[in-house]
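J.: I'll drop the sequence and a predicted model, then ask my questions.
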Amino acid sequence: MSSVAVVALDLHKKFSRAIVMDPGGKILDDRKISHADRAEMERFFREFEKETDVVMEAA
């Protein structure tokens, strides 16, 4: 996914909420990713370049 500045990842017990933002802070994608399906998380992160910043919050 081009023009992505950051992926914000909010970790929960059974799922994560991922917000993808461009350099101006505009939300490009907002999705809930289940932890029950590891392949889903892997597919999500493969959409981005390896240098993409990921910011995580865990409660």
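T.: Happy to help now that I have it.
J.: Would you agree Val4 is in contact with Gly24?
T.: No - between Val4 and Gly24 there is no contact under Cβ atoms under 8 Å: 11.6 Å. Yep, even glycine has a C-beta here, placed from its N, CA and C like the rest.
J.: Compare the two (neighbour count), which wins?
T.: Val4 (17 against 7; other Cβ atoms under 10 Å).
J.: Could you check how many residues crowd around Arg46?
T.: As a burial measure, Arg46 scores 8 neighbours (other Cβ under 10 Å).
J.: Please apply the same query to Phe48.
T.: Neighbours of Phe48 (other Cβ under 10 Å): 16.
J.: Next one, pLDDT for it please.
T.: pLDDT recorded at Phe48 is 92.
J.: SS state for it?
T.: With DSSP: H, G, I helix; E, B strand; the rest coil as the basis, Phe48 sits in coil.
J.: Quickly note the distance from it to Met41.
T.: Here the criterion is Cβ to Cβ, to the nearest Å. By it, Phe48 lies 12 Å from Met41.
J.: repeat for Glu51
T.: According to Cβ to Cβ, Glu51 and Met41 sit 19 Å apart.
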